[in-house]
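1. Please find the sequence and the predicted model below.
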Amino acid sequence: MALIDIYVPDIGDFAEVTVIELLVKPGDSIAADQSLITVESDKASMEIPSSHAGVVQELKVKFGDTVSKGSLLLTLDAAGQGAAAAAAAAPMPADSLMPNQLLALTDQALSATKIEAKVMPAAVPVVAPAAASFDATADMDCDLLVLGAGPGGYSAAFRAADLGLKVVIVERYATLGGVCLNVGCIPSKALLHVAAVMDEVSHMADLGVDYGAPVVNIDKLRGHKEKVIGKLTGGLAAMAKMRKVIVVRGYGAFVGPNHVEVEETTGTAQEKTGNKKVVAFKNAIIAAGSQAVRLPFMPEDPRVVDSTGALALKEVPKRMLILGGGIIGLEMGTVYSTLGARLDVVEMLDGLMQGADRDLVNIWQKMNAKRFDNIMLKTKTVGAEATPEGIKVTFAAAEEGGTCPEPQTYDLVLQAVGRSPNGKKIAADKAGVAVTDRGFINVDIQMRTTVPHIFAIGDIVGQPMLAHKAVHEAHVAAEVIAGELQGNKELAAAAFNARVIPSVAYTDPEVAWVGLTEDQAKAQGIKVKKGLFPWAASGRAIANGRDEGVTKLLFDDSPHAGSDGHAGRGHGKILGGAMVGTHAGDMIGEVALAIEMGADALDIGKTIHPHPTLGESIGMAAEVAHGSCTDVPPVRK
Ligand code: FAD
């Protein structure tokens, strides 16, 4: 037996990162380069691979620990794997790792003429498996098979059909639209809209119009949400028909590099009929999405739900625990609290809504303090038990300084600790497509997998798991495929070259951000000029009785870049922007456009925004950066 210690390698700027997943356990035989744990910082998540092959003896880290370069991960019996080499147990070089999500924009990146890869899917290079051979007859064939009909899948299918391809979509559920339309973006926003109106109406009493206490008919409310979903998914089915896209209902899995076998499903869930169909394809796009992560120690109990269960809106609990302080949990918490639930939230990291600047999140938190009984930060959930009174949950401090509250009992526990990709569930290996240990599929900027005629898009290729990212990737993949099949060089050269992907928390107030954040600028030592416009100076926000918001724009102020005479010493172009306030999500697109166009503070400030609007705050934030805003007090000289 040659016992060796495996340490965290050099992971670049990632220090003190949190272990969010253990991918191996004692007794597991692992290969060199196999992923051992997943860690997450405020910027990205990444898998840490093993430097050696062997059998895992003892794990030295646990869920929620923080690790840095050199932290001991586990002991490995490397017998038979080259004990001499093992003795060195050298950390892996930094360049063998890539974060899953690199949304940080540097000024160098922005000024570069080449595309910047903002979306880096898999952390660990994966060896492509040998494809299986399949020579049975197919039931149907097509130019393009799309596996999964979420925003990625249906957008890819429709774009490809519009470009003249014969397209088949395989989807296991009865409706098109995937997570987003059926159990994600759309139903959550339907309920959030109702919650926002209820909150607004109750606020009216302060302004002299009192409608009294609301009476909620939960069945009717659920019916409204279902109607919204039905309208959109029905619309998709009609559009598929108009485009002659063939929808095959069933569970698809690869059986070879050019064939998918579909096990037919029926009903509203995924009941299998036993019938099978084989579809032959020239090209395929994998758009099989992701699913909610379930903590292994949570009991099987109807009072423990994921976001899909929460959206089912069976009843309103008195006490609700949100596990995980991310956007999805906080959005659902907003709905339930407006309907009457008291909220607790537990988060391992030191703040809610990670990724957004703290100054903005603090404004949201202050406005929402009344919804929460307890906000437990740097705290982890370590156990849960189903009791007649409710779900009894126990906590522990996630790190020094974290809280360790007494166990609490809840009527509803929402698990919102993240989503994991479905890459392991589609027999991708039979097609020769490499999948990481976590289930992500590596792609290049044309969305191509390790198999040249098979592409992947959406949640399955990496963070950020957002519908608008999936749709853009979908169009790229469809265009590349159509271009290659039809000899159209322009289409075939399509690539995912968006500089930034906006994020929005549709809470009340909304929090929206895009590009570089101020916290990232500080952490990365990027010098920026900030234009901050407080909505307390916005006529529209005051008229609306909602002037708590701010709009913040960040412009390049780095000393190295050639000055163009505009704002700052650097090139002065906008690097990022963020807003907290009502309708922030509807306005952040303008900031994204400004970044894509390389606008500077003058470009944005001199663009005439209509008055009085909340969008005006973007122009004014640019003027603040430029020093020409007359709606805020003069700058002290
Ligand atoms: P999915 O939407 O996951 O679709 C994948 C499809 O593939 C599914 O229909 C699935 O049934 C099907 N499938 C999988 N495997 C197979 C198989 N083997 N055979 C056949 N079919 C298969 N994003 C936003 O941008 N904005 C938001 O406001 C937002 N809100 C959200 C709220 C919630 C509660 C949740 C859970 C998510 C939210 N998201 C939001 C994220 C968004 O829903 C996803 O990023 C998006 O749906 C990903 O699209 P996709 O096409 O990659 O996959």
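-> Nice, thanks for sending it over.
2. from here on, contacts and neighbour counts on C-alpha atoms
-> Noted.
3. So which residues on this protein come close to the ligand?
-> 147-153, 170-173, 178-180, 184-185, 188, 250-253, 287-290, 307, 328, 426, 458-460, 465-468, 470 (C-alpha under 6 Å from any ligand atom).
4. Can you turn the buried part of the residues you listed into a PyMOL selection?
-> Selecting the buried subset of the residues of the chain next to the ligand in PyMOL, with 16 or more other C-alpha atoms under 10 Å as the burial test, is done by:
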select buried, resi 147+148+149+150+151+152+153+170+171+172+173+178+179+180+184+188+250+251+252+253+287+288+289+290+307+328+426+458+459+460+465+466+467+468+470
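5. Tell me where the stretch 401-550 of the chain has strands.
-> Under the criterion DSSP state E, counting those that start in this stretch, the stretch 401-550 of the chain contains strands at 408-410, 412-415, 419-421, 454-456, 503-505, 510-515, 528-534, 550-556.
6. One more: the stretch 251-400 of the chain?
-> 259-266, 271-286, 290-292, 304-305, 319-323, 342-346, 372-376, 379-387, 390-397.
7. quick one: low-confidence ranges for the protein?
-> Low-confidence segments of the chain, defined by pLDDT under 70: 1, 12-14, 41-45, 79-125, 560-570.
8. What residues does the spatially most central residue of it make contact with?
-> Closest to where the C-alpha atoms of the chain average out (C-alpha atoms, centre = their mean) is Met465, at 2.9 Å. By C-alpha atoms under 8 Å, 6 or more residues apart in numbering, the residues touching Met465 are 458-459.
9. Most tightly packed of the strands of the stretch 251-400 of the chain?
-> Of all the strands of the stretch 251-400 of the chain, strand 319-323 has the most neighbours on average by mean count of other C-alpha atoms under 10 Å, namely a mean of 25.
10. So what touches that one?
-> 329-330, 333, 341-347, 381, 410-417.
11. How far does that strand sit from its chain's centre?
-> 21 Å (C-alpha atoms, centre = their mean, to the nearest Å).
12. so what strands line up beside it?
-> Here strand 319-323 has these sheet partners by DSSP bridges: strand 342-346 (parallel), strand 412-415 (parallel).
13. for the ones you listed, which one sits closest to Asp141?
-> For Asp141, the closest of the strands paired with strand 319-323 is strand 412-415, at 40.8 Å, according to C-alpha to C-alpha.
14. quick one: that closest one to chain centroid distance?
-> With C-alpha atoms, centre = their mean, you get 20 Å for strand 412-415.
15. export it as CSV, just CAs?
-> Only the C-alpha atoms of strand 412-415 are listed here, as CSV (Å, rounded to 0.1, in the frame of the first residue of the first chain):
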residue,chain,number,x,y,z
LEU,A,412,-42.0,23.9,4.6
VAL,A,413,-38.4,23.6,3.7
LEU,A,414,-37.3,24.8,0.2
GLN,A,415,-34.1,23.3,-1.0
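16. Using neighbour counts, pick out the buried residues of that strand.
-> 412-415.
17. And stretch 600-610, by the same measure?
-> Under 16+ other C-alpha under 10 Å, the buried positions of stretch 600-610 are 600-605, 609.
18. Among those, name the ones in helices.
-> Counting by DSSP state H, these place 601-605 in helices.
19. buried ones in the helix ranked longest in the chain?
-> Across the chain, the longest stretch assigned as helix under DSSP H is helix 218-242. Residues of helix 218-242 classed as buried: 222, 224-225, 228-229, 232-233, 236-237, 240 (neighbour count, 16+ other C-alpha under 10 Å).
20. Closest one to Thr387 out of those residues, please.
-> Arg222 (27.7 Å).
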